[in-house]
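Colleague: Pasted the sequence and its predicted model underneath.
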Amino acid sequence: MIRNRERLLLASALFAFCCACGPKGFDEAMVGVRLQEKPVKLDGEQVILTDGQVSCGVQNELWDAPASVGNRMTARLLDKGRALNFYDDVVVREGAPQISYVQVRGDFPAEVVPPSDIKDMGDGVKIVNVKVGARINHSCFTSPLPIMGVRKGQFAADALPTLRYVQEGSDWKFDRIVH
């Protein structure tokens, strides 16, 4: 009787092991794992800043104190901010809802915040709408900066970024952010 239980346990363990080696499904866990495998190239994406992060950036000489320029308030980007791959001046409290944001260019570690909306586009392509944050290696940014999505051709703080994944063999790879 014990022999049969041992054999059943061994067979179950082998079955589980073999299932893990087979083709991988695509789910929310895969979205995050594949995105975090290597830094993500961001080229002109906009990330949202809190008021505290804007103030911290001023104190750490990443950008100047915000000043009004016409009907906008901006903070001029400084060399220390450029060294962190911020690309353009910080826009402070613009639009509705009032948010602050800055453009980034470069390779950044990124993280996703579930839940995500996964769409199968066929031909080994999945499109995923999900909250994504870019990690900036500086004490002003202790959590990833939310990346804005695009709606009707414009960045929008309440729009989720759209990620494209492609199938390579039996595995999936993050391809790019699409607009």
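Modeller: Perfect, thanks for sending it. Numbers count the residues shown, from 1 in each chain.
Colleague: What's opposite the residue nearest to residue 37 when sequence neighbours are not counted in the beta bridge?
Modeller: Distance criterion Cβ to Cβ, 6 or more residues apart in numbering; nearest residue to residue 37, sequence neighbours excluded, is residue 174 at 7.2 Å. Yep, even glycine has a C-beta here, placed from its N, CA and C like the rest. Counting by DSSP bridges, residue 174 forms beta bridges with residue 165.
Colleague: ok, now residue 112?
Modeller: With DSSP bridges as the criterion, residue 112 is bridged to residue 132.
Colleague: How about residue 146?
Modeller: Beta-bridge pairing of residue 146 under DSSP bridges involves residue 133.
Colleague: right, and the residue nearest to residue 37 touches residue 33 too?
Modeller: No. The criterion here is Cβ atoms under 8 Å, and residue 174 misses it with residue 33 at 9.4 Å.
Colleague: So if I had to pick from these two, which one is more boxed in?
Modeller: Higher neighbour count among residue 174 and residue 33: residue 174, with 21 against 14, using other Cβ atoms under 10 Å.
Colleague: Show me what counts as buried in the helix or strand residue 33 falls within.
Modeller: Here residue 33, judged by DSSP states H and E, is contained in helix 28-35. Residues of helix 28-35 classed as buried: 30, 31, 32, 34, 35 (neighbour count, 16 or more other Cβ atoms under 10 Å).
Colleague: what mean pLDDT would you report for the helix or strand in which residue 103 is found?
Modeller: Assignment of secondary structure by DSSP H and E places residue 103 within strand 99-108. What strand 99-108 shows for mean pLDDT is 97.
Colleague: With stretch 145-159 instead?
Modeller: Stretch 145-159 comes out at a mean pLDDT of 95.
Colleague: buried residues in it?
Modeller: Buried residues in stretch 145-159 (16+ other Cβ under 10 Å): 145, 146, 147, 148, 149, 150, 155, 157.
Colleague: and what of stretch 64-72?
Modeller: Those would be 64, 66, for stretch 64-72 by 16+ other Cβ under 10 Å.
Colleague: Kindly export that stretch (C-alpha atoms) in PDB.
Modeller: Provided in PDB are the C-alpha atoms of stretch 64-72 (Å, rounded to 0.1, in the frame of the first residue of the first chain):
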ATOM      1  CA  ASP A  64      14.900  75.000 -11.000                       C
ATOM      2  CA  ALA A  65      12.000  76.100  -8.800                       C
ATOM      3  CA  PRO A  66       8.800  76.200 -10.900                       C
ATOM      4  CA  ALA A  67       8.000  79.500 -12.600                       C
ATOM      5  CA  SER A  68       5.000  80.700 -14.700                       C
ATOM      6  CA  VAL A  69       5.600  80.800 -18.400                       C
ATOM      7  CA  GLY A  70       2.500  82.100 -20.100                       C
ATOM      8  CA  ASN A  71      -0.400  80.000 -18.900                       C
ATOM      9  CA  ARG A  72       1.900  77.100 -17.800                       C
END
